[in-house]
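# okay, sequence plus prediction incoming.
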Amino acid sequence: MQASRRQFIKKTGIVLAAGALVPRDMFAAGKNNTVLGLQLYSVRDDMKKDPLGTLKQLAAMGYKNVEHANYVDRKFYGYSAKDFTKLLSDLGLKMPSGHTVMTKTHWDAAKKDFTDEWKYTIEDAAVCGQKYVVSPWLDESLRKTYDGLLAYMEVFNKSGELCKKSGMKFGYHNHNFEFSTKLNGEKVFDIMIKHTDPSLVAQQLDIGNMYGVGGRALEIVKSYPGRFELMHVKDEIAATRKGEMNDGYESAVLGKGVVGVKEIIDEGRKRGGTTHFIIEQESYQDITPLQSVKEDLAVMKNWGY
């Protein structure tokens, strides 16, 4: 089985190598002014071997938007921000969001300011035309205690203020610990969403990651209407091994699993405040990653996205 998203983040240099909603017509694709895109982690091995060739294939499939998962030493998949932006533009692609983990090393508590490394992250994201800078992980050391988590949520808000200066918004993407871990009797996810300013910090709800620990995305969207500007659209099936989140489930082609994807994304579009729907598939069963994301795109279009 391919390495999980969590393992990938830990093993690569991504982590340490480092108010108002975005207008709905910004980078619009598909119907009802929604943005439909692909998280490039879905085709991570292909992007590692041949980023240009892989992006050409995605564009030929009909993708118009992508979300990166590789920013190392101020480069996206080996390209500078300026060069990667041109590469995407030449292929008819845009990158309205991207994943870079914000860690405690990016915040200087003594100076009460972000390090240059994080400031460069924001700067390069702006060059690429991103509207969202999404952190897809929260280190365990930052969520050991209730007070510690609350303190770091203030850093989230400050990151939102920094992003806002460049016309962007900070965001957070969940895994599964947010729903399985409680502090002071409250789920980590609930603490995070209640103590971040929605005008500064967007939530990117991964509707599949939570499934194996009992999280149900439809219930969450209904509980926090208007809070999920972005979604990772993902389906889940029982895994033959531990699965991507070590909870017995792995992702599959949309509509083939147990998550109930269409009902969730429809609810997101109607009441969740969701405008950005980003396909992500991390396991592929008996087909290739590229074939998987091609099928995923066809399903989303058939559903009216």
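Now that the structure is in, tell me what you want to look at. Numbering: from 1, shown residues only.
# and K234, how far is that from P225?
K234 sits 21 Å away from P225 when distances are taken as CB to CB, to the nearest Å. C-betas here are computed from N, CA, C, even on glycine.
# between those two, which is the more surrounded one?
K234 (27 against 13; other CB atoms under 10 Å).
# dump the residue contacts of the closest residue to the more buried one other than its chain neighbours.
Computed as CB to CB, 6 or more residues apart in numbering, the closest residue to K234 that is not its neighbour in sequence is G208, at 3.2 Å. G208 makes contact with 232, 234-236, 249, 251, 257, 259, 280 under the criterion CB atoms under 8 Å, 6 or more residues apart in numbering.
# let's go with 10 Å and repeat that
176, 215, 217, 232-237, 244-245, 249-252, 254, 257-259, 261, 264, 280-282 (CB atoms under 10 Å, 6 or more residues apart in numbering).
# of the residues you listed, buried ones?
Neighbour counting by 16 or more other CB atoms under 10 Å classes 176, 215, 217, 232-237, 244-245, 249-252, 254, 257, 259, 261, 264, 280-282 among the contacts of G208 as buried.
# give me the subset of the residues you listed lying in helices.
217, 261, 264 (DSSP state H).
# and of those, the nearest to I191?
Closest approach to I191 among these (CB to CB): A217, at 18.2 Å.
# the closest one contacts E263, correct?
Yes. With contact defined as CB atoms under 10 Å, A217 and E263 form a contacting pair (9.3 Å).
# all strands of the stretch 1-150 of the chain, in order?
35-39, 65-68, 71-72, 75-76, 79-80, 94-99, 107-108, 113-114, 132-135 (DSSP state E, counting those that start in this stretch).
# dump those into JSON lines; add mean pLDDT as well.
Below are these laid out as JSON lines (pLDDT from 0 to 100):
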{"stretch": "strand 35-39", "mean pLDDT": "98"}
{"stretch": "strand 65-68", "mean pLDDT": "98"}
{"stretch": "strand 71-72", "mean pLDDT": "98"}
{"stretch": "strand 75-76", "mean pLDDT": "98"}
{"stretch": "strand 79-80", "mean pLDDT": "98"}
{"stretch": "strand 94-99", "mean pLDDT": "98"}
{"stretch": "strand 107-108", "mean pLDDT": "98"}
{"stretch": "strand 113-114", "mean pLDDT": "98"}
{"stretch": "strand 132-135", "mean pLDDT": "98"}
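# fine by me, we can end here.
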